[in-house]
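Student: my questions concern the predicted model and sequence given below.
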Amino acid sequence: MKLLAVKRSLLLGVALAAMMPLCHAEQTINLMQRGTGDMGVVVERATGSLQIIEHSSDTSLASVEGLGDLSHASVVFSRDERYAYVFGRDGGLNKVDILNASIDQRLMQAGNSIGGAISADGKLVAVSNYEPGGVRIFDSTTLELLVDIPANYGDGQTSKVVGLVDAPGNQFVFSLYEANETWIADVSDVSEPVITRFEDVGAAPYDGLISPDGRYYIAGLFGEDGLALLDLWYPEKGMRKILEGYAEHDETLPVYKMPHLEGWAIAGNLAFLPAVGQHKVLVVDTRDWTQIDSIDVIGQPVFVMARPGGRQVWVNFAVPDNKYIQIIDTEMRSVVRQLEPGPGVLHMEFSARGEEVWLSVRDEDRLDIYNTDTLERTASLPARKPSGIFFTQRAHRGGL
Amino acid sequence: MPVNFSRTTSVLALLILMQCMPQAAFADDVSNKRKQELAYLLDQDCGSCHGLTLKGGLGSPLTAEALRGKPSGYLFAVIRDGVPGTPMPPWSALLDDDDIRWIVQLLRNQGTLQ
């Protein structure tokens, strides 16, 4: 049975069934009194639950259960910062009311899915699926299916879809892992979606990201040393390879966890990206997309994220180095500090102004909060096998 | 490291089960503590590509059903050496042969755990 448990002074759980509209009038009272700008959610992957937190005084407010298989789950927020759309691995699309700590809507939209995005105007939610391979676009209010884009290629094959992001002008951009393609879906008129396909972008795109200004889409490639770049101001120019042969002179190391190209660690004109099969963070000049440096780190980087303001870049790692965090000074372009929060550091999330960062320490069932100036841990909270941490400020940033 | 009780019990149940099976001889060199670590690794770390429930992700499904008909020797070789040209990495630097044999047993016996 799926239970919704609300901690603190709220009432006990209420049984609920998937896909049924819910009503918990009595539970709204406490949480409704606050704004959501300092709130966030933490995915508890093994239990299929979501913890609702606030980062003004660093506390846990409530927890929502019954969200299905949340391994690799990601989250986007409605533009009023009230609803979290939670994309589960099992194809579940959940719309969670974070003030109510309840599931507003839930549906199974595919068999196996990987991530999602919300359109620039906030009206559409897109989900990228492995099975059946493709993208499905839903009305963000009703979760009604509006557009289905199967990732068909070649003669009748279907590809897994990766690296889905939203782009300005109500577009979604994504890549096809088996097809080596990147597609733009323009849904500015949702009744007539326009798909633009780029073929042979590079071998095995595994994830994608978009620059904070919404101009450049980059697909990371697993099958070759390099990345594929698309200038969305000039899509007619096509995609081109950048950083080709970045690992030419080095031995390729096993990758025990795929890097994530979430966000965009950018500082001034420099972008910081994880290398694949190299224990390195690549430094790229975004004016001409050339590699200007590579920084040695302790393991295979997974997330490479800039503290807002760009002074530091924080990096976590694949097994067997996932107990560490390394902090890169972007001016010196070297590691200045190593932290050891504990085994299974899976994700990190900075507050909007960057003064603190939250880390999930999966194997110790804990969230750690660090002051980014002193690099000291200021608080810890219990969480069950926490993975992704998502703050509501994401509602106002494209491409996350 | 916190010990997950239900996981522990299911691993113990499997241990008892495996005493009765001829293949159990394979895994005799793996300590109970290591077996728990490996079960955890299979869920969490293999799960990052194959799905926490092993129903598939970027990596193919590893459910007992999906692996039916694939020889244990093949599974052993794939886990030890990886699949070149795909994201499946070779695990030989982190897992020894006994570890890998035990993981193959775990994969084979998934359905009997619940």
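Tutor: Received the coordinates, thanks.

Student: CA atoms for contacts and neighbours, from now on please.
Tutor: Fine.

Student: show me where pLDDT drops low in the chain?
Tutor: No chain specified, so I'll use chain A. In the predicted model of chain A, residues A:1-32, A:263-264 satisfy pLDDT under 70.

Student: sorry, should have said chain B
Tutor: B:1-28, B:111-114.

Student: which residues of the stretch 51-200 of chain A lie near chain B?
Tutor: Applying Cα under 8 Å from any Cα of the partner chain, we find that the stretch 51-200 of chain A lies next to chain B at A:69, A:71-72, A:89, A:112-114, A:130, A:160.

Student: centroid residue for chain B?
Tutor: B:I103 (2.6 Å; Cα atoms, centre = their mean).

Student: what residues does B:C49 make contact with?
Tutor: A:257-258, B:56-59 (Cα atoms under 8 Å, 6 or more residues apart in numbering or on different chains).

Student: please report phi then psi for the closest residue to the residue nearest to the centre of chain B other than its chain neighbours.
Tutor: Of all residues not flanking B:I103 in the chain, B:L38 sits nearest, at 6.9 Å (Cα to Cα, 6 or more residues apart in numbering or on different chains). With angles defined as degrees, to the nearest 10, B:L38 sits at phi -70, psi -40.

Student: got the contact list for the residue located most distally from the centre of chain B?
Tutor: In chain B, B:G85 marks the outermost C-alpha relative to the chain mean, sitting 22.5 Å out by Cα atoms, centre = their mean. For B:G85, the contact set (Cα under 8 Å, 6+ apart) comprises A:G223.

Student: right, and the residue nearest to B:I103 touches B:V104 too?
Tutor: No - applying Cα atoms under 8 Å, one finds B:L38 not in contact with B:V104, separated by 10.7 Å.

Student: hmm, back to that, wait, the residue nearest to the centre of chain B touches B:Y40, no?
Tutor: No - between B:I103 and B:Y40 there is no contact under Cα under 8 Å: 10.6 Å.

Student: what segments of chain B are helices?
Tutor: Ranges of helices in chain B, per DSSP state H, are B:5-19, B:32-41, B:47-50, B:64-67, B:72-81, B:97-108, B:110-113.

Student: is any residue of the fourth one near chain A?
Tutor: Looking back up the chat, that one is helix B:64-67. No - residues of helix B:64-67 are not located near chain A by Cα under 8 Å from any Cα, the shortest gap being 15.2 Å.

Student: what comes up buried for that helix?
Tutor: Neighbour-count burial for helix B:64-67, counted by 16 or more other Cα atoms under 10 Å in any protein chain shown, picks out B:A64.

Student: ok, and what's touching it?
Tutor: With Cα under 8 Å, 6+ apart, helix B:64-67 has contacts from B:107-111.

Student: out of these, who's nearest chain A?
Tutor: B:Q110 (17.0 Å; Cα to the nearest Cα).

Student: run a quick neighbour tally on that closest one.
Tutor: Counted by other Cα atoms under 10 Å in any protein chain shown, the residues lying close to B:Q110 total 15.

Student: who in the stretch 301-400 of chain A is up against chain B?
Tutor: Residues of the stretch 301-400 of chain A lying near chain B (Cα under 8 Å from any Cα): A:319-320, A:363-364.

Student: please, a ChimeraX command that selects the buried ones among those?
Tutor: A single ChimeraX command is used to select the members of those judged buried by 16+ other Cα under 10 Å:
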select /A:319,363,364
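
Student: what does chain B have sitting close to chain A?
Tutor: By Cα under 8 Å from any Cα, the part of chain B that sits against chain A consists of B:1-2, B:45, B:47-49, B:51-53, B:56-58, B:85-87, B:89-90, B:94.

Student: just the buried members of those residues?
Tutor: For the residues of chain B next to chain A, a burial check counting by 16+ other Cα under 10 Å picks out B:45, B:47-49, B:51-53, B:56-58, B:87, B:89-90.

Student: the closest residue to A:D373 other than its chain neighbours and chain B, how far apart?
Tutor: Of all residues not flanking A:D373 in the chain, A:E355 sits nearest, at 7.0 Å (Cα to Cα, 6+ apart). Per Cα to the nearest Cα, to the nearest Å, A:E355 is found 30 Å from chain B.

Student: A:Q312 now?
Tutor: 27 Å.

Student: pick out the residue of the stretch 301-400 of chain A closest to chain B.
Tutor: Taking Cα to the nearest Cα, the stretch 301-400 of chain A has A:E364 as its residue nearest chain B, at 6.3 Å.

Student: for that residue, what are phi and psi?
Tutor: Main-chain dihedrals, A:E364, degrees, to the nearest 10: phi -110, psi 10.

Student: pretty sure it contacts A:G342?
Tutor: Yes - at 7.0 Å, A:E364 and A:G342 qualify as touching, with contact defined as Cα under 8 Å.

Student: surely A:S351 touches A:I369?
Tutor: No - using Cα under 8 Å, A:S351 is not in contact with A:I369, being 10.5 Å away.

Student: which of these two has more neighbours?
Tutor: Taking neighbours as other Cα under 10 Å, A:S351 and A:I369 compare with A:I369 leading, 23 against 19.

Student: so which strand or helix has the more buried one?
Tutor: Take DSSP states H and E as the rule and A:I369 turns out to sit in strand A:366-371.

Student: list the buried residues of that strand.
Tutor: For strand A:366-371, by 16+ other Cα under 10 Å, it's A:366-370.

Student: next: stretch A:40-58.
Tutor: Applying a neighbour-count criterion of 16+ other Cα under 10 Å, one finds A:40-55, A:58 buried in stretch A:40-58.

Student: if we can go back for a sec, what strands line up against the strand holding A:I369, and which way round?
Tutor: Within its sheet, and counting by DSSP bridges, strand A:366-371 is paired with strand A:356-361 (antiparallel), strand A:377-382 (antiparallel).

Student: quick check: neighbours shared by A:S351 and A:I369?
Tutor: Joint contacts of A:S351 and A:I369 (Cα under 8 Å, 6+ apart) are A:V357.

Student: so how far is B:N32 from A:V336?
Tutor: 40 Å (Cα to Cα, to the nearest Å).

Student: repeat that for A:V96.
Tutor: For A:V96, the distance to B:N32 (Cα to Cα) stands at 41 Å.

Student: among the two, which residue is more densely surrounded?
Tutor: Remark: of A:V96 and B:N32, A:V96 carries more neighbours, 23 against 14, as counted by other Cα under 10 Å.

Student: my read is that that one contacts A:I103, right?
Tutor: Yes - between A:V96 and A:I103 there is a contact at 4.5 Å, judged by Cα under 8 Å.

Student: endpoints of stretch A:298-314, how far apart?
Tutor: End-to-end distance for stretch A:298-314: 13 Å, by Cα to Cα.
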